[in-house]
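Q: Please work out how this folds:
(one chain, ligands or ions: 1)
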Amino acid sequence: MKMLRIMALLSLLMLVVSCGGTKESTGASSSKGKKYIIATDATYAPFEFQENGKYIGIDVDLITEIAKIEGFEFELKPMDFGGIIPALQSGQIDGAIAGASITDERKKSVDFSDPYYETGIVAVTNTANTTIKTGKDLEGKKLAVKNGTAGAAYVEANLKGKAEVATFKDTVSMFQAVTNNQADAAFEDYPVIAYALSKDSASKLKIGTEKLTTGNYGFMVKKGENAELITKFNEGLKKLKESGKYDEIVAKYVGKK
Ligand code: GLN
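A: Sure, this is the predicted structure:
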């Protein structure tokens, strides 16, 4: 009898303890404690790239500082750019900072933050190339694009049926095709090719044309979801701009603008 009472008491105690525990962890995971999964491009210097096994770059520093100011935790998930919007749509990731251009087409499936960096596409050619100087010169050429990018969309909209197009999964292999003369031109964002050239004086690449488009990068979430994350990003970005920290981050990678 006594034993039974002790056992009953013990299980009551355990119930109380476990309830208490649950209550506490619910409290901790309320907006402040949620850990967001945020994707980034696997390689997109100076926005995201690895140095000594650690991810750094303008996007990585921005999201790190914004998370600090706005009080949220995140896990960075590097992936091929072409997989990012599908991963947002299927709910595998909560947000993405990947040098992603704000476009009307993308706005159908994602919500963007305020713009955080100015960009635009240029055609990248081999240093030996003398025939490509304008968008028009790209007709009849062998072109290299990166899957799912604004560059690929530009080619689809402007050069479809007028040129031979090969699709690559990352910037490195796309540039390689131009270096090896397998392609006459690749399409990349000005800040990315300008950075690559500034780091490699022996590069066989050059900027072949003026900017073919203009635009801005934005942080992305799935359309209609994670609005609180967009708000936090925008508020954090504003504070980083006001404090001068934004300029500091940009200058760390590309010098003063
Ligand atoms: N800015 C380009 C786009 O949004 C390329 C992005 C990237 O390759 N990471 O499509």
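
Q: For the protein, which segments are assigned as strands?
A: For the chain, the strands defined by DSSP state E cover 35-41, 49-51, 54-56, 73-79, 95-96, 110-112, 117-119, 121-126, 142-146, 164-168, 185-189, 205-207, 215-217, 220-222.

Q: Can you lay out the ones you listed as JSON lines showing mean neighbour count, distance to the ligand and mean pLDDT?
A: Placement of C-beta: from N, CA and C, glycine included. Listed next are those as JSON lines, based on neighbours: other C-beta atoms under 10 Å; distance: least, C-beta to the nearest ligand atom, whole Å; pLDDT from 0 to 100:
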{"stretch": "strand 35-41", "mean neighbour count": "22", "distance to the ligand": "4", "mean pLDDT": "98"}
{"stretch": "strand 49-51", "mean neighbour count": "14", "distance to the ligand": "11", "mean pLDDT": "98"}
{"stretch": "strand 54-56", "mean neighbour count": "14", "distance to the ligand": "14", "mean pLDDT": "98"}
{"stretch": "strand 73-79", "mean neighbour count": "15", "distance to the ligand": "10", "mean pLDDT": "98"}
{"stretch": "strand 95-96", "mean neighbour count": "28", "distance to the ligand": "9", "mean pLDDT": "98"}
{"stretch": "strand 110-112", "mean neighbour count": "21", "distance to the ligand": "11", "mean pLDDT": "98"}
{"stretch": "strand 117-119", "mean neighbour count": "18", "distance to the ligand": "6", "mean pLDDT": "98"}
{"stretch": "strand 121-126", "mean neighbour count": "26", "distance to the ligand": "8", "mean pLDDT": "98"}
{"stretch": "strand 142-146", "mean neighbour count": "23", "distance to the ligand": "5", "mean pLDDT": "98"}
{"stretch": "strand 164-168", "mean neighbour count": "16", "distance to the ligand": "10", "mean pLDDT": "98"}
{"stretch": "strand 185-189", "mean neighbour count": "27", "distance to the ligand": "5", "mean pLDDT": "98"}
{"stretch": "strand 205-207", "mean neighbour count": "17", "distance to the ligand": "16", "mean pLDDT": "98"}
{"stretch": "strand 215-217", "mean neighbour count": "19", "distance to the ligand": "7", "mean pLDDT": "98"}
{"stretch": "strand 220-222", "mean neighbour count": "24", "distance to the ligand": "9", "mean pLDDT": "98"}
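
Q: Which one of those lies nearest to E65?
A: Minimum separation from E65 across the strands of the chain (C-beta to C-beta) falls at strand 73-79, 11.8 Å.

Q: The closest one pairs with which strands?
A: When sheet partners are counted by DSSP bridges, strand 73-79 sits next to strand 35-41 (parallel).

Q: Show residues contacting the partner strand.
A: With contacts defined as C-beta atoms under 8 Å, 6 or more residues apart in numbering, strand 35-41 is touched by 47-48, 55, 59-60, 63, 72-81, 84, 87-88, 92-99, 170, 226, 229.
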